[in-house]
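S.K.: Need coordinates for the below:
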Amino acid sequence: MPKIAEIEDTPNPNAMKFTLREPLTWGIAHSYENAEQAKDDALARALFAIDHVTNVFYVDRWITVTQDGQADWKQLTREIAVPLRAAPAAGDQSAAAVFAARATFEHLSEDDQQRLEDINVVLDLEIRPYLQSDGGDLHVLGLHGNQLVVHYQGACGTCPSSISGTLRGIENRLQSIEPDIEVVAA
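M.R.: Next up is the predicted model:
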């Protein structure tokens, strides 16, 4: 049962980040944009059962919950705390479930696999920590030629600056290793 260590505002006024004392996962992100997507995840399903919750994203020791802008955060955070405290900690998850959740891009050539690995190093070291500190993240959906397709998660998923400024910043940084790369959000 994770205890809440801290509750933080994010740059997205409709998203709140909860930092926990125990991890919910071991490096596997869970991102849900609606209740239907969350039907097989007990924690996310419980959060979507709360009025006004529109997005749930969690990984390791933090979770970001996004609302529709119609709720009072003070009241909503009290409601969100109940299922968070009831959720199992990552120690209760099997290692097999963690490995099964890792995405692979087997259709890529060996050269493109290496390109994607190099891109992920930059994302992991220079981009994701900033997005995660604001309650969001970035998931790579694919690499098609010179086009990298990404999906914003958590607070970044509905933040207006993620599609404009942040996306261009990521593209500019990646162009230092891949001059012709184009980054698009899906």
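
S.K.: So the protein: which segments form each domain?
M.R.: Domain assignment for the chain, taken from automatic domain parsing, gives 4-100, 110-185.

S.K.: Make CSV out of those domains and add mean neighbour count and mean pLDDT.
M.R.: Any C-beta I mention is one placed from the backbone N, CA and C, and that applies to glycine too. Compiled in CSV, those are given as follows (neighbours: other Cβ atoms under 10 Å; pLDDT from 0 to 100):
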stretch, mean neighbour count, mean pLDDT
domain 4-100, 17, 89
domain 110-185, 16, 87
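
S.K.: What helix or strand is Gly69 located in?
M.R.: For Gly69, there is no host helix or strand (DSSP states H and E).

S.K.: from now on call the first residue 54
M.R.: Got it, the first residue is 54 from now on, which makes the last one we talked about Gly122.

S.K.: Now do the contacts for the residue nearest to it when sequence neighbours are not counted.
M.R.: The spatially closest residue to Gly122, leaving aside those adjacent along the chain, is Asn67, at 5.0 Å (Cβ to Cβ, 6 or more residues apart in numbering). Counting by Cβ atoms under 8 Å, 6 or more residues apart in numbering, Asn67 makes contact with Thr107, Thr119, Gln120, Asp121, Gly122, Thr211.

S.K.: again, only this time at 7 Å
M.R.: With contact set as Cβ atoms under 7 Å, 6 or more residues apart in numbering, Asn67 has these partners: Thr119, Gln120, Gly122, Thr211.

S.K.: In strands, which of these fall?
M.R.: Secondary structure from DSSP state E places Thr119, Gln120 of those in strands.

S.K.: Can you redo the contacts of Asn67 as TSV, where the extra columns are distance to Ala238?
M.R.: Below are the contacts of Asn67 laid out as TSV (distance: Cβ to Cβ, whole Å):
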residue	distance to Ala238
Thr119	16
Gln120	22
Gly122	21
Thr211	12
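
S.K.: Helix, strand or coil: sort out Gln167 for me.
M.R.: Here Gln167 is recorded as helix under DSSP: H, G, I helix; E, B strand; the rest coil.

S.K.: Next one: it from Val203, what distance?
M.R.: According to Cβ to Cβ, to the nearest Å, Gln167 and Val203 sit 19 Å apart.
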